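Student: Any chance you can model this:
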Amino acid sequence: MARAERREANKELLSQLLEELQQVERESAKIASELRSSLESLDPSEDVIIAYCGAVEGAAKQLELVLKLFMERSSVTVIPADSYAHLLAPYSREAHGFIVLLAEPGSTTCFIKSDIALDLLGLRRIAVTGEVSSELKKFVRCPRIIEVRAPYTLTLLHAWLRLASSSGGVRSRRLERELELGSVVNELLEKYEKVIECFKGVKGVVEVIYSYAMKSVAEEIKRYAPPNTHVILTPHTYEPQGGDACIALYTSAEEHTIKEKLVKITQRCGELLHFSIGTDPVTAPLYGAIVLRYIHLLGRESK
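Tutor: All right, here's what the predicted structure looks like:
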């Protein structure tokens, strides 16, 4: 592709990304408002259970972090929804609490089965899901359900940022300035231009070694991986397995956790790509997800 054509194509992709991010901002506002209202109605000592369906454990854990750091919720549990609904909640009243049920697109069966089981137990909950078909909606029992049409993980991460930025304090006020995504996109894409170029050439067996705060971004890498790529997700606390390529994914605050494994990672990988985001750990996953969304759009355009 000629340079002028490439620039024009990139402009179109950037425009598409900005449109998606505007939708993310609109939908995240509703999620944050509904969730804040629900949480404010609870007793401060009441347990919050974040139950998830699909590959959104990272986003669930990010919400746990926000609730503990910014909303003074000391008792927060993250657990797969089907395990909670069928193995734990029916047999232990001590495990009951207010439930935030997250269900990514494609996990509707898990969501509906878990929702019905939780309803039979009389447990209070709010659900944030992908779109649910009209045929399946008749099975939904949850009294408060928000369907997300924008990119799911991105929307959740932005909603959590809204929660964090509305809690008061110096850190929250600083986070509030980062809510407008359109103002940071060009800077992000320019800063991580080399990462974007490297991602385009990654194939074969790819191991992603990720820090705690970046699990949601690791899940996005696997979700958007092309068909000729097998992605292995490895927490930084585990020994790296190796592959044709490895991606070290971390925030600057967690850099030391990855550096401890760098020698072994280098020995076991054909090539090593660092994807480090040097912002607040609350915003870092969101920014990483934006970069991944752009890479995904690039890949779709090239097909």
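
Student: and after the helix or strand harbouring Ile247, which helix or strand comes next?
Tutor: Using DSSP states H and E, Ile247 sits in strand 245-251. Sequence order places helix 255-259 as the next helix or strand after strand 245-251, per DSSP H and E.

Student: Show me what that next one is packed up against.
Tutor: For helix 255-259, the packing partners by 3 or more CB pairs under 8 Å, 6 or more residues apart in numbering; DSSP states H and E come out as strand 245-251. For every residue, glycine as well, the C-beta is placed using N, CA and C.

Student: Tell me where the stretch 51-200 of the chain has helices.
Tutor: For the stretch 51-200 of the chain, helices defined by DSSP state H, counting those that start in this stretch occupy the ranges 57-70, 81-83, 108-120, 134-137, 152-165, 170-176, 185-191, 193-200.

Student: of all these, which lies closest to His230?
Tutor: Within these, the stretch nearest His230 is helix 193-200; the backing value is 15.2 Å (CB to CB).

Student: Could you tell me the angle between the helix or strand that that closest one is followed by and strand 245-251?
Tutor: Note on helix 193-200: by DSSP H and E, the next helix or strand toward the C-terminus is strand 204-210. Using axes from the mean of the first three to the mean of the last three CA atoms, to 10 degrees, one finds that strand 204-210 and strand 245-251 are set 20 degrees apart in direction.

Student: buried sites along strand 204-210?
Tutor: Across strand 204-210, burial judged by 16 or more other CB atoms under 10 Å covers 205-210.

Student: out of the residues you listed, who's nearest Leu179?
Tutor: Distances from Leu179 to those, taken by CB to CB, are shortest for Tyr210, at 24.8 Å.

Student: Okay, the nearest residue to Gly169 once chain neighbours are set aside and Leu18: tell me how far apart.
Tutor: Sequence neighbours aside, Phe70 is the residue nearest to Gly169 in space, at 7.9 Å (criterion: CB to CB, 6 or more residues apart in numbering). To Leu18, Phe70 is 28 Å away according to CB to CB, to the nearest Å.

Student: Looking at these two, which is more packed in?
Tutor: Under the neighbour definition other CB atoms under 10 Å, Phe70 and Leu18 were set side by side, and Phe70 has more, 20 against 13.

Student: wait, doesn't that one sit right on Glu176?
Tutor: No: taking contacts as CB atoms under 8 Å, Phe70 lies outside contact range of Glu176: 11.6 Å.

Student: Direction included, what does the strand holding Ile247 pair against?
Tutor: Sheet pairing for strand 245-251, assigned by DSSP bridges, gives strand 204-210 (parallel), strand 272-277 (parallel).

Student: quick one, the longest one and helix 57-70 angle?
Tutor: Orientation check (the same axes, to 10 degrees): strand 204-210 against helix 57-70 gives 10 degrees.

Student: Just give me how far strand 204-210 sits from the chain centre.
Tutor: Here strand 204-210 is found 18 Å from its chain centre; the criterion is CA atoms, centre = their mean, to the nearest Å.
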